[in-house]
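Colleague: Test case, fold it:
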Amino acid sequence: MTYALRQMVVLGCIAAFMPLPALAQSAPPPPPVTVAKPVVRDVIDSDEFIGRFEPVDEVSVRSRVGGYLQEIHFQDGALVKQGDLLFVIDQRPFVTALNQAKATLESAQSTLVFADAQYKRTQSLASSGSQSAQTLDDRRREFDSAEANVRGAQAAADRASLDMEYTEIKAPLSGRIDRRLISAGNLVQTDQTVLTTIVSLDPIDFYFDVDERRLLNFADTARKLGKDLQQGGGGLDVSVTISDPTAKPFKGRLDFAENRVDNESGTIRLRARFPNPDLVLQPGLFGRIQVEASNTYQAILVPDEAIGSDQNERVVYVVAEDGTVSTKPVRPGPRLYGYRVIREGLDGTETIIVNGLMRARPGAKITPQMTELPPERQDTAPETAGAENGQ
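Modeller: Purely as a prediction, here's the structure:
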């Protein structure tokens, strides 16, 4: 054995018999982890549903008289007011019909005047015995017939005047008009040809479907308010968010529910009404509506990133006073104020890990770095509350 080899063997033996405390001094300290107390505050649960906006009023504009379309008085997609002139049907045939009806009315009125004079004259002569009763009855019949002819001619003249008025097609409601569906010069058939459509915009309705379980919950809440869910649950306040992330939630009120559950889907359709003065909300637009689903209660809130998984359980990492980590099974609920509601498992006094779960192990120690969670987080999605996930 050479001298160098003997030196290496001696140094190895010295290292093997080195005291343990000297090795322990080189072990790393427990990893630093951010911890905090859960947020405890009064909340109201909300459920979230996807639905679609629909107009309060919608009408397909048709003509009440037939004829050739002569004039169009609006721009496609414009806002119109009730009573605005939209279309004009060729009026010349209706002017002719109206003049003819008026002439017939004048003739009937003239005949009535003559029959009235004849009847009165015969009535005077009959009273003195110069005319027979038969002649008086004939004059009475002629007068009644002339009077009926006047009423018939008046009705025909009124109808011709009404048809003349119907040649000017006006907006039946205020709202946004669609494009023209027929061009000038085309034949319009009475009550059949759709000329365009108009939808109202302010206010606007939002329809969404609710399953049976949540329906019973909503109905119970409405009954506690002394109202029926079908009558809007007492005008329960709701809010809706749209796909535009910069748009604030729109506030409205629940105002109607259908009177039966759909047999096939097991859902019932509800409606909420929203003011829309800026016309931001459009018919057919999708949105997410949040509906209050409970009375006020005190809830324990934790960040979503503080909830971990242990096989089929959701757990929260709790830190003892000496820095030892343990896990607690929890039952998460809906999401409120940027946090997750904890239904079961915590009482709000625990110190939990909110950042750095990957550096913590049950039974090991950590170096806690205490922080305070704000009552509401603004760096997360808007305040929503989906259905409990039951995880």
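
Colleague: From here on, just use CA atoms for contacts and neighbour counts.
Modeller: Fine.

Colleague: Can you give me the neighbour number for Thr367?
Modeller: By other C-alpha atoms under 10 Å, the residues close to Thr367 number 17.

Colleague: go on, Asn186?
Modeller: 12.

Colleague: what does Glu372 give?
Modeller: With neighbours defined by other C-alpha under 10 Å, the count for Glu372 comes to 11.

Colleague: One more: Gln311?
Modeller: Number of residues near Gln311 (other C-alpha under 10 Å) recorded here: 7.

Colleague: how much space between it and Leu125?
Modeller: Distance check for Gln311 against Leu125: by C-alpha to C-alpha, to the nearest Å, it reads 116 Å.

Colleague: for Tyr337, same thing?
Modeller: Distance check for Tyr337 against Leu125: by C-alpha to C-alpha, it reads 99 Å.

Colleague: out of the two, which sits in the busier spot?
Modeller: A count of neighbours by other C-alpha under 10 Å puts Tyr337 above the other of Tyr337 and Leu125, at 20 against 14.

Colleague: I'd guessed the more buried one sits against Pro374; true?
Modeller: No - with contact defined as C-alpha atoms under 8 Å, Tyr337 and Pro374 do not form a contacting pair (9.9 Å).

Colleague: Strands of the stretch 151-300 of the chain, start to end?
Modeller: With DSSP state E, counting those that start in this stretch applied, the stretch 151-300 of the chain shows strands at 168-170, 175-177, 187-188, 194-199, 204-211, 237-241, 250-257, 267-274, 286-292, 297-302, listed in chain order.

Colleague: same question, the stretch 1-150 of the chain
Modeller: Counting by DSSP E, counting those that start in this stretch, the stretch 1-150 of the chain has these strands, from start to end: 32-36, 39-43, 46-55, 58-62, 67-72, 79-80, 85-89.

Colleague: is it possible to export the strands of the stretch 151-300 of the chain to TSV including mean neighbour count, mean pLDDT and distance to Glu142?
Modeller: Output for the strands of the stretch 151-300 of the chain, formatted as TSV (neighbours: other C-alpha atoms under 10 Å; pLDDT from 0 to 100; distance: least, C-alpha to C-alpha, whole Å):
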stretch	mean neighbour count	mean pLDDT	distance to Glu142
strand 168-170	20	93	40
strand 175-177	22	94	55
strand 187-188	18	92	43
strand 194-199	20	94	48
strand 204-211	21	91	61
strand 237-241	20	87	71
strand 250-257	20	88	61
strand 267-274	21	90	63
strand 286-292	22	85	70
strand 297-302	20	84	87
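
Colleague: In a markdown table: those, plus distance to Arg140.
Modeller: Putting the strands of the stretch 151-300 of the chain into a markdown table (distance: least, C-alpha to C-alpha, whole Å) gives the following:
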| stretch | distance to Arg140 |
| --- | --- |
| strand 168-170 | 43 |
| strand 175-177 | 57 |
| strand 187-188 | 47 |
| strand 194-199 | 51 |
| strand 204-211 | 62 |
| strand 237-241 | 71 |
| strand 250-257 | 62 |
| strand 267-274 | 64 |
| strand 286-292 | 72 |
| strand 297-302 | 87 |
